[in-house]
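Trainee: I would like the atomic coordinates for the input below:
(chains A and B)
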Amino acid sequence: MNIEAIKAIYRFEMARTFRTMVQSILAPVLTTSLYFIVFGAAIGSRMTGIGEVSYGAFIVPGLIMLSVLTESIGNASFSIHMPKWSGTIFELLSAPVSTTEIVLGYVGAATTKSVMIGLVILATSTLFVPLQVLHPGWMLLMLVVTAFAFSLFGFMLGIWATSWEKLTIVPSLVITPLAFLGGSFYSLDVLPPLWRTVTLFNPVVYLVSTFRWCFHGKADVNLIGSIAFIAAFVALCLAVTTWMIRSGWRLRS
Amino acid sequence: MRPIALDIQTLSKTYKAGHHALRGISLQIPRGEIFALLGPNGAGKTTLIGIACGLVNATSGSVHIEGHNVASEFRTARKLVGLVPQELTTEAFETVQAAVAHSRGLFGLQPDPAKLEQVLRSLALWDRRDTRVSQLSGGMKRRVLIAKALVHEPRVLFLDEPSAGVDVELRRDIWNVVRGLRDQGVTILLTTHYIEEAEQIADRVGVIHKGELVLVEETHSLIRRMGQRQLVLRLMSPLQQLPAALAPWAPTLAADGMTLHCNFSQDISGAETAQLLQILSSAAIAVRDLQTQQSSLEEIFVQLVQSKS
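Mentor: Model (predicted):
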C-alpha cells in the first residue's frame, strides 16, 4: 500500500477545499439557511407538525442529505475531471498508485468535505429550530457512509464525463430531482397511495428516511432494507470505479 | 556490458480511431545512457514514452524498466520512472514547493526537505518556491515540471521535447541537469527537434518514423558513417573541363565554372587535401578560397526520413 500517495492526494484535495473556503463551505450553509427561512420559518409556521415533530425540525435531516448528496457528487467529480481536462492527470497515471489509493485519496477528501458541510448545516439548523438527535452515533455513521457513497458516485461521473457539460448533466437532471422528491420536505404518508409506491423506487427516499430515523426515531421505510440498499450502492460504485481505473477507461488512451 | 535499464520488445500501438502509432518497435537502452529519439511530428515518440510511463496502454509487446514489466509490475516499474511531458500541464494554484512535494508523495516517498531544496536549487526554483505555479512564466513552469519528475529520484528519466520553446539559459540548465543525472547512473531517453542538441548530448540516437525505428546508432559513428564531408573550392577563373585526376573525389562543377565541390566520405586527412591541391596546381587551376563542410545530424535525419517516405 502506497500510504504516502494517499496522504499526498488527500492533502492536495483538502488544500483546494480550504483555498476555496467561501465557495466550499459557506455557500452550502447560506443555501441551507435560506431553505430554513423559507420552509422552516415562513411556510413552516403555517404548517402543522409531522407526528410529534415540528415541520422545521422535520426537514433538517432532509436538508442535510440534500446538501451532502449534491456536494459529494460535485466535489468528487470535479476533483478528477479537472486534472483530466487540464492534463495534470498524467502524473497520477504515471505514479505507482492502485485503485485503492486513488479512491481513498480523492473520495476520502470529498467525503471529509461533505461530512464537514453536513455538520456545519446541522449546527446552523440549531439556530433556527430546537433539535434533538436520538441516535447520534448512527447519525454520524449514516452521514459518513452517504457522503462516501455519493463521493464515489461523483468520482465515477468525473471519469465518465468527457466535457464540463456532461459533468453537470447527471447532478442537475437526475440527482437534484431525486433528492427533492426523496421526501426531504414531506413525509411519504402525505402522498396518495400510487405516488407513494412510485416514490419507493427513488433511492434517495431510503437515505433520507434512515437519516431522519437517527434524529426523530421514526422512518418512512424499513431500516434494514435501507441499509442493504446503501451497502449495495457502495458495492456497485466500488466495482465500477475499480474497473474504470484498472482498465484505464477514459483515463489512458 | 552494462545492464539494460529500458527494454522495449516488439511494441505496437493502434489507437481506437485506427491510427498505427507504433509498429513493433524493439529497443534496449543500457543503464546510464542518454538516448535521443528523433522523428517528425506524429512519428510515435510521445506514444512510446506514454506506454513506458503508464499513460497509454500498449496494443501488443512489452516494456521493462530495470527488469520490471510496466504493466504487470507497475508499482515497482513506475517508482523508477520520471516523466517530463511535452505539454506545460501543471497545477495552477499550488505553490512551487507544494506542487513538487506532492509529486514525491505520489511516488510513495516520505517528505524530504533536503532533497526538495536540492532539486529546486538545481533548477533555479528555490527563490520562487512560495510562488503560485500559475504566476510563473512558461520557462519556469517547465522547470517545475522537471523538478516534479526528479524529486522522487527516478532511475529512468523520460524527457519529451524538454527544450521546446525554452530560452538559451534554461536549455543549458536542462542539459547540465541531464548530464549530472547520467553521471549518477540515471538512464535518460529524450525526444527533441533540436537535432544539434542530440548531437551534443546523446550517446546514441534513434530515428523513429511512422511508428518504426528506422535507425539506432551511436551518435558519433552515425555522423562519421553518414556524414559527408565536402571540400568546396572557389576558383580564380572559370574552369572549362574537370581534370581526370580528380575523379576519386567525384567532383562537381557549378554552372558558372567558378565553384568546385569534391566529396570525401571519410575524414579529410591533411595528406588527402594536400594531394588534391597539388593536382589542381599542376593543372594550373588557381584557387581563391576553400572551405570544408560536414553534414549535420539534421541533414542525415532528413535524408533518412525522406528515403523512407
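Trainee: Just give the nearest non-adjacent residue to whatever residue of the stretch 101-250 of chain A ends up closest to chain B, would you?
Mentor: Distance from chain B to each residue of the stretch 101-250 of chain A (Cβ to the nearest Cβ) is smallest for A:G248, at 5.7 Å. (Each C-beta comes from the backbone N, C-alpha and C, glycine too.) Among residues not flanking A:G248 along the chain, B:N57 sits closest, at 5.7 Å (Cβ to Cβ, 6 or more residues apart in numbering or on different chains).
Trainee: near chain B, which residues of the stretch 51-200 of chain A?
Mentor: Residues of the stretch 51-200 of chain A found near chain B (Cβ under 8 Å from any Cβ of the partner chain) are A:S86, A:G87, A:T88, A:F90, A:E91, A:L92, A:L93, A:S94, A:A95, A:P96, A:V97, A:S98.
Trainee: Give me the distance between the second one and B:L145.
Mentor: Read it as A:G87. With the distance defined as Cβ to Cβ, to the nearest Å, A:G87 ends up 11 Å from B:L145.
Trainee: circling back to that earlier point, let me know whether the residue of the stretch 101-250 of chain A closest to chain B touches B:G50 as I believe.
Mentor: No. The criterion here is Cβ atoms under 8 Å, and A:G248 misses it with B:G50 at 11.3 Å.
Trainee: Compare those two and say which is more crowded by neighbours.
Mentor: The residue with more neighbours, out of A:G248 and B:G50, is B:G50; 26 against 15, by other Cβ atoms under 10 Å in any protein chain shown.
Trainee: Secondary structure of the more buried one: a helix, I assume?
Mentor: Yes. Counting by DSSP: H, G, I helix; E, B strand; the rest coil, B:G50 is part of a helix.
Trainee: Three-state assignment for B:V166, please.
Mentor: With three-state DSSP as the basis, B:V166 sits in coil.
Trainee: excluding its backbone neighbours, what's nearest it?
Mentor: In space, and not counting its chain neighbours, B:V166 is closest to B:G139: 5.2 Å by Cβ to Cβ, 6+ apart.
Trainee: Check A:T112 too.
Mentor: Closest residue in space to A:T112, ignoring its immediate chain neighbours: A:M14 at 6.8 Å, by Cβ to Cβ, 6+ apart.
Trainee: Tell me how far the one you found lies from chain B.
Mentor: Computed as Cβ to the nearest Cβ, to the nearest Å, the A:M14 to chain B distance reads 12 Å.
Trainee: wait, what's in contact with that residue?
Mentor: Each residue near A:M14 by Cβ atoms under 8 Å, 6 or more residues apart in numbering or on different chains is listed here: A:A109, A:T112, A:K113.
Trainee: burial of the second one, as a residue count?
Mentor: By the measure other Cβ under 10 Å, the count of residues near A:T112 is 19.
Trainee: Over to the first one?
Mentor: Other residues near A:A109 number 24, with proximity taken as other Cβ under 10 Å.
Trainee: right, and it touches A:I9 too?
Mentor: Yes. Look at A:A109 against A:I9 with Cβ under 8 Å: they come within range, at 7.1 Å.
Trainee: outside of stretch A:44-53, which residues touch it?
Mentor: Contacts with stretch A:44-53, where a contact means Cβ under 8 Å, 6+ apart, come from A:S54, A:Y55, A:G56, A:F58, A:I59, A:Y186, A:S187, A:D189, A:H216, A:K218.
Trainee: List buried residues within those.
Mentor: Using 16 or more other Cβ atoms under 10 Å in any protein chain shown as the burial test, the contacts of stretch A:44-53 include A:S54, A:Y55, A:G56, A:F58, A:I59, A:Y186, A:H216 as buried.
Trainee: How about the first one: what's its closest non-neighbour residue?
Mentor: By the measure of Cβ to Cβ, 6+ apart, the closest residue to A:S54 outside its immediate chain neighbours is A:V129, 6.6 Å from it.
Trainee: Give me every residue in the stretch 101-250 of chain B lying close to chain A.
Mentor: Residues of the stretch 101-250 of chain B lying near chain A (Cβ under 8 Å from any Cβ): B:A101, B:H102, B:S103, B:R104, B:G105, B:L106, B:F107, B:G108, B:L109, B:Q110, B:K148.
Trainee: out of those, what pair is the most spread apart?
Mentor: B:Q110 and B:K148 (16.7 Å; Cβ to Cβ).
Trainee: Which residues in the helix or strand where B:S221 lies does the neighbour count mark as buried?
Mentor: In the assignment (DSSP states H and E), B:S221 maps to helix B:219-226. For helix B:219-226, burial by neighbour count (16+ other Cβ under 10 Å) applies to B:T219, B:L222, B:I223, B:M226.
Trainee: which ones are touching the first one?
Mentor: Applying Cβ under 8 Å, 6+ apart to B:T219 gives the contacts B:A36, B:A198, B:E199, B:A202, B:D203, B:R204, B:V205, B:L297.
Trainee: same question, the last one
Mentor: By Cβ under 8 Å, 6+ apart, B:M226 lies in contact with B:S295, B:I300, B:Q303.
Trainee: Now name the helix or strand holding the closest residue to chain A within chain B.
Mentor: Nearest residue of chain B to chain A (Cβ to the nearest Cβ) works out as B:G105 at 2.7 Å. Here B:G105 sits within helix B:96-106, counting by DSSP H and E.
Trainee: What is that helix packed up against?
Mentor: Applying 3 or more Cβ pairs under 8 Å, 6 or more residues apart in numbering or on different chains; DSSP states H and E, we find helix B:96-106 packed against helix A:3-19, helix A:89-94, helix B:113-122, helix B:138-150.
Trainee: any weak-confidence spans in the chain?
Mentor: No chain was given, so I picked chain A. Applying pLDDT under 70 to chain A picks out no residues at all.
Trainee: that's the wrong chain, I wanted chain B
Mentor: Applying pLDDT under 70 to chain B picks out residues B:227, B:265-270, B:308-309.
Trainee: Quick one: the strands in it, in order.
Mentor: Secondary structure of chain B (DSSP state E): strands located at B:4-14, B:20-30, B:34-38, B:60-65, B:68-69, B:81-84, B:156-160, B:187-191, B:204-209, B:212-218, B:229-235, B:252-253, B:259-264, B:287-294.
Trainee: Return the distance of the last one from the chain's centre.
Mentor: Remark: strand B:287-294 is offset 30 Å from the chain centroid, using Cα atoms, centre = their mean, to the nearest Å.
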